[in-house]
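Chemist: Curious how this folds, go ahead:
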Amino acid sequence: MTLVELMVAIAVGSIVLLGSAGLFFIFLRFSNTTTLMRNTSSAASLALERMVIGVGGNAGLREAYATNVVFSSSTNGWKLTYNSNLYFQYVASTQTITNDSGRVICANVTTSSVTFYTSSVATNACRVSISVGQNAGGDTWTNTFITQVQFRN
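Modeler: Residues are numbered from 1 along each chain as shown. You can find the predicted model right below:
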């Protein structure tokens, strides 16, 4: 084997190695983005499920009686109280939604809103919107989930 053959082999090997490294980094970036999408989607979906269905022994919003629902909002979030002593609270400064027992229902909540309906289409109902965001590896991803809850009469 001559010196020229060795240098050509090293050059070809280096090109293949650089191409493989480039593909590897593209895959890592794609994997990171996919993970962020999955995590934010799961967190927002689970938060709404916990709010609507409930957590443990606590009844969710679907068990709320329309006459017992009290909503208050401030510049730092909102609080939705139902059935006298149960509530969900969004605090913008901590980016969390908690329930009446202090349990964090969802973290990394970038925005959240509650809209009440009293029209003939959706009497005694509310719409809850939750946006969950995360960032990692230079990527930022946000998912927003919205649901409507019809209160009991």
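Chemist: Point me to the helix or strand that includes Thr144.
Modeler: Thr144 is part of strand 139-150, with elements assigned from DSSP states H and E.
Chemist: any idea how far that strand is from the chain center?
Modeler: Between the mean C-alpha location of strand 139-150 and the chain-wide mean there is a distance of 6 Å, by C-alpha atoms, centre = their mean, to the nearest Å.
Chemist: can you check stretch 7-27 too?
Modeler: Going by C-alpha atoms, centre = their mean, the spacing between the C-alpha centre of stretch 7-27 and its chain's C-alpha centre is 39 Å.
Chemist: got the CA coordinates for that stretch in PDB?
Modeler: Extracted C-alpha coordinates of stretch 7-27, given in PDB (Å, rounded to 0.1, in the frame of the first residue of the first chain):
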ATOM      1  CA  MET A   7      -4.200   9.300   1.900                       C
ATOM      2  CA  VAL A   8      -7.100   8.700  -0.500                       C
ATOM      3  CA  ALA A   9      -8.600   6.000   1.900                       C
ATOM      4  CA  ILE A  10      -8.400   8.500   4.800                       C
ATOM      5  CA  ALA A  11     -10.000  11.200   2.700                       C
ATOM      6  CA  VAL A  12     -12.900   9.000   1.600                       C
ATOM      7  CA  GLY A  13     -13.300   7.700   5.200                       C
ATOM      8  CA  SER A  14     -13.400  11.300   6.500                       C
ATOM      9  CA  ILE A  15     -16.200  12.300   4.000                       C
ATOM     10  CA  VAL A  16     -18.300   9.200   5.000                       C
ATOM     11  CA  LEU A  17     -17.700   9.900   8.700                       C
ATOM     12  CA  LEU A  18     -18.700  13.600   8.300                       C
ATOM     13  CA  GLY A  19     -21.800  12.700   6.400                       C
ATOM     14  CA  SER A  20     -22.800  10.200   9.100                       C
ATOM     15  CA  ALA A  21     -22.200  12.700  11.800                       C
ATOM     16  CA  GLY A  22     -24.400  15.200  10.000                       C
ATOM     17  CA  LEU A  23     -27.300  12.700   9.700                       C
ATOM     18  CA  PHE A  24     -26.900  11.800  13.400                       C
ATOM     19  CA  PHE A  25     -27.200  15.500  14.500                       C
ATOM     20  CA  ILE A  26     -30.300  15.900  12.200                       C
ATOM     21  CA  PHE A  27     -31.800  12.900  13.900                       C
END
